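Peer 1: one predicted model, sequence on top.
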Amino acid sequence: MNKYERQSSQPADHQLLSDELASELSHITTEVLEFGDAPPLAPRAPLTQSEVRTILLSLMLTMFLAALDQTIVATALPTIGRQFQDVSSLSWVITAYLLASTAVAPVFGTLSDIYGRRAMIIVALSLFIAGSVLCGLAPNMTVLILARGLQGLGGGGIMPIVQTVISDVVTPRERGQYQAYFSGVWTAAGIGGPVLGGVFAEHLHWSMVFWINLPLGVVALATLLPKMGKIPVFHRKREVDWLGGILLMASAVVFMLVLTWGGNRFPWLSPTILAMLGSSVALTFAFVGHARLAREPFLPLPLLGGSVVPYAMAAGGCAMGAIIGLTVHLPLYYEVVYHLSASEAGLALIPLAAISTCGAAIAGKTMARAKHYKRVAIIGLSCAALVGCIFTFTTLSLWALLALLALFALGLGTAFPISVVSLQNAVSRAQVGTVTGAMNFFRALMASFTVAAFSAILLMALGADISLGGEHRGVVNSIPVADMIASFRYVFAAATVLLAIGSLSMVVMEERPLTGPTRRR
């Protein structure tokens, strides 16, 4: 058994520095010395509740920046295209950010375990703010796309670092309910982002969707950094396996391009797509081979094994894929089947986005009180899969669909905090950032894969181009209602299968005890 297997097999002790300061420091020092050359950690005073609240509020604002940027830009795209007289490249404004943010998620997670959370959150926010400034000043579409890529490098680092800092300041048992608060941040950004983007583009200037990041970013840094010095330190300086990181990022970028271009710019079975897919597979095998031989690999493969981590990642990834895939495609269903306008279709997505936060809150509170905390996720995902079966075999009125969609989202949302906390609870403290970055990386890949898969399903079932760009609007509106209903049955069936796999993963996942105070009613 190698050292990574020993570390990942030990239950993680995420207790905050409190009354048992001496024994806690002894445990931390032992973990650090297992890794090698790091000196013992200096004692730090325990964080007060006020300091914890301040840190969490600033983390929520930081995450809001990254979440808002993924929704606020979309409604401003038509205005941007008209100003630069370049509609054909508009999709790259979104794609550049998505590619960059997905590729760097595991990089920032690992680097936070090497150089510390404070250094990496400064880097991530600085890249994000710099990218926002360049986007706001962009004189043409090419510069805007490159600036969006830079912005994505920062945005992709924010999510894993924020989740890792939460693990540093809150015990595993209490962490679930805080994860639910952060799910609420994504809901607020998902609802408010498109509205703000439309208002800025119509009444002010499209560049405001980027300039708004400056005051928010400065406030986030100003409130977070003074408190970061008090956060317990669990990182360990070591040599960075840059080759492993480059191979992982390259394989991810090529695979994301396959999902983005396949069935859109190129046919799925075209030589270009097949060659890119082969390149992604080859890069993945090169990464795995390098990780097996490297003394300290960028992403230790044994870390992704065991009885917790792979199942937690699978459950969270399936839930994320289902909710993102349906969020992207349901507006088409609403517009054709129920004859809603584009804005009404957006409002009809609120049950899916907002109620999932309630499910996450329920799961978080359950983790703080119950010994068998994973049961709520098993029940929630099973109920969501059952609702998916109803969608698959039954045609409902709009209000019945929205009501069941809320129940679907409620069950689905329970998977997010339980998968995150279980995964972080299963590894040593010095590897929490690495495994959290890997989790975000896998979730992003699953979301992109699901969106591409659902689009392919609809394309094959309808036999028509379902792209939602303006030039295809006539084709979309000409699709018969019966054909759309029949085609979406396959989409709902695919979402149901994803949630069934997520529920089964939760059943198989080992339920390790969570450290922290137990709260009882």
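Peer 2: Perfect, I can see it now. Residues are numbered from 1 along each chain as shown.

Peer 1: any weak-confidence spans in the protein?
Peer 2: 1-48, 88, 176-177, 179-180, 230, 232-238, 463-477, 515-521 (pLDDT under 70).

Peer 1: excluding sequence neighbours, find me the nearest residue to the residue positioned nearest the centre of it.
Peer 2: Closest to where the C-alpha atoms of the chain average out (CA atoms, centre = their mean) is N440, at 4.9 Å. Nearest non-adjacent residue to N440, counting by CB to CB, 6 or more residues apart in numbering: A105, 4.2 Å away. All C-beta atoms are positioned from the backbone trio N, CA, C, and that covers glycine.

Peer 1: quick check, that neighbour in a strand?
Peer 2: No: applying DSSP: H, G, I helix; E, B strand; the rest coil, one finds A105 to be helix, outside a strand.

Peer 1: residues touching the residue nearest to the centre of the chain, list them.
Peer 2: Contact analysis of N440 by CB atoms under 8 Å, 6 or more residues apart in numbering lists A105, P106, G109, M159, P160, Q163.

Peer 1: which residues sit against stretch 76-89?
Peer 2: With CB under 8 Å, 6+ apart, stretch 76-89 has contacts from 90, 93-94, 140-141, 144-145, 197-198, 200-202, 206, 209, 470.

Peer 1: what comes up buried for it?
Peer 2: A76, L77, P78, T79, I80, G81, F84, D86, V87, S89 (16 or more other CB atoms under 10 Å).

Peer 1: repeat that for stretch 123-133.
Peer 2: Neighbour-count burial for stretch 123-133 flags V123, A124, L125, L127, F128, I129, A130, G131, S132, V133 (criterion: 16+ other CB under 10 Å).

Peer 1: contact partners of it?
Peer 2: Applying CB under 8 Å, 6+ apart, the set of residues contacting stretch 123-133 from outside is 62, 65-66, 69, 108, 147-158, 161, 210-211, 213-214, 217-218, 220-221.

Peer 1: need the CA coordinates for that stretch. PDB is fine.
Peer 2: Extracted in PDB, the C-alpha atoms of stretch 123-133 (Å, rounded to 0.1, in the frame of the first residue of the first chain):
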ATOM      1  CA  VAL A 123      -4.600  34.600  -8.000                       C
ATOM      2  CA  ALA A 124      -8.000  33.400  -9.000                       C
ATOM      3  CA  LEU A 125      -9.800  36.700  -8.200                       C
ATOM      4  CA  SER A 126      -7.000  38.700  -9.800                       C
ATOM      5  CA  LEU A 127      -7.200  36.800 -13.000                       C
ATOM      6  CA  PHE A 128     -11.000  37.100 -12.900                       C
ATOM      7  CA  ILE A 129     -10.900  40.900 -12.400                       C
ATOM      8  CA  ALA A 130      -8.200  41.400 -15.000                       C
ATOM      9  CA  GLY A 131     -10.200  39.400 -17.500                       C
ATOM     10  CA  SER A 132     -13.300  41.400 -16.700                       C
ATOM     11  CA  VAL A 133     -11.400  44.700 -17.300                       C
END
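
Peer 1: re the thing from before, TSV for the buried residues of stretch 123-133, including distance to L269 and secondary structure?
Peer 2: Formatted as TSV, the buried residues of stretch 123-133 follow (distance: CB to CB, whole Å; DSSP: H, G, I helix; E, B strand; the rest coil):
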residue	distance to L269	secondary structure
V123	41	helix
A124	39	helix
L125	42	helix
L127	38	helix
F128	38	helix
I129	42	helix
A130	40	helix
G131	36	helix
S132	39	helix
V133	42	helix
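
Peer 1: nearest to I418 among these?
Peer 2: A124 (25.9 Å; CB to CB).

Peer 1: circling back: need the contact list for the residue nearest to N440.
Peer 2: A105 is in contact with G156, G157, M159, P160, G437, N440, F441, A444, counting by CB under 8 Å, 6+ apart.

Peer 1: distance of the residue nearest to Y338 when sequence neighbours are not counted from S126?
Peer 2: Once flanking residues are discounted, Y338 sits nearest to L398: 4.9 Å by CB to CB, 6+ apart. Taking CB to CB, to the nearest Å as the measure, L398 falls 46 Å from S126.

Peer 1: what do you get for A482?
Peer 2: As judged by CB to CB, A482 and S126 stand 53 Å apart.

Peer 1: near the residue lying closest to W186 once chain neighbours are set aside, how many other residues are there?
Peer 2: Excluding the flanking residues, the one nearest W186 by CB to CB, 6+ apart is A67, at 4.9 Å. Neighbours of A67 under the rule other CB atoms under 10 Å: 23.

Peer 1: A67: which element?
Peer 2: helix 49-69 (DSSP states H and E).

Peer 1: helices or strands up against that helix?
Peer 2: helix 117-137, helix 141-169, helix 172-203, helix 213-228 (3 or more CB pairs under 8 Å, 6 or more residues apart in numbering; DSSP states H and E).

Peer 1: looking at those, which is buried most?
Peer 2: Ranked by mean neighbour count, the helices and strands packed on helix 49-69 are led by helix 141-169 with a mean of 24 (mean count of other CB atoms under 10 Å).

Peer 1: got the angle for that helix vs helix 172-203?
Peer 2: 160 degrees (axes from the mean of the first three to the mean of the last three CA atoms, to 10 degrees).

Peer 1: closest one of the buried residues of stretch 76-89 to S341?
Peer 2: Nearest to S341 among those is P78, at 15.8 Å by CB to CB.

Peer 1: so that closest one is in which element?
Peer 2: Secondary structure from DSSP H and E places P78 in helix 77-84.

Peer 1: okay, that helix in PDB with CA atoms only?
Peer 2: These are the backbone C-alpha positions of helix 77-84, laid out as PDB (Å, rounded to 0.1, in the frame of the first residue of the first chain):
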ATOM      1  CA  LEU A  77     -24.800  38.600 -26.600                       C
ATOM      2  CA  PRO A  78     -27.100  39.900 -29.300                       C
ATOM      3  CA  THR A  79     -26.100  43.500 -28.500                       C
ATOM      4  CA  ILE A  80     -22.400  42.500 -28.500                       C
ATOM      5  CA  GLY A  81     -22.800  40.800 -31.900                       C
ATOM      6  CA  ARG A  82     -24.500  43.900 -33.400                       C
ATOM      7  CA  GLN A  83     -21.800  46.300 -32.100                       C
ATOM      8  CA  PHE A  84     -18.900  44.200 -33.400                       C
END
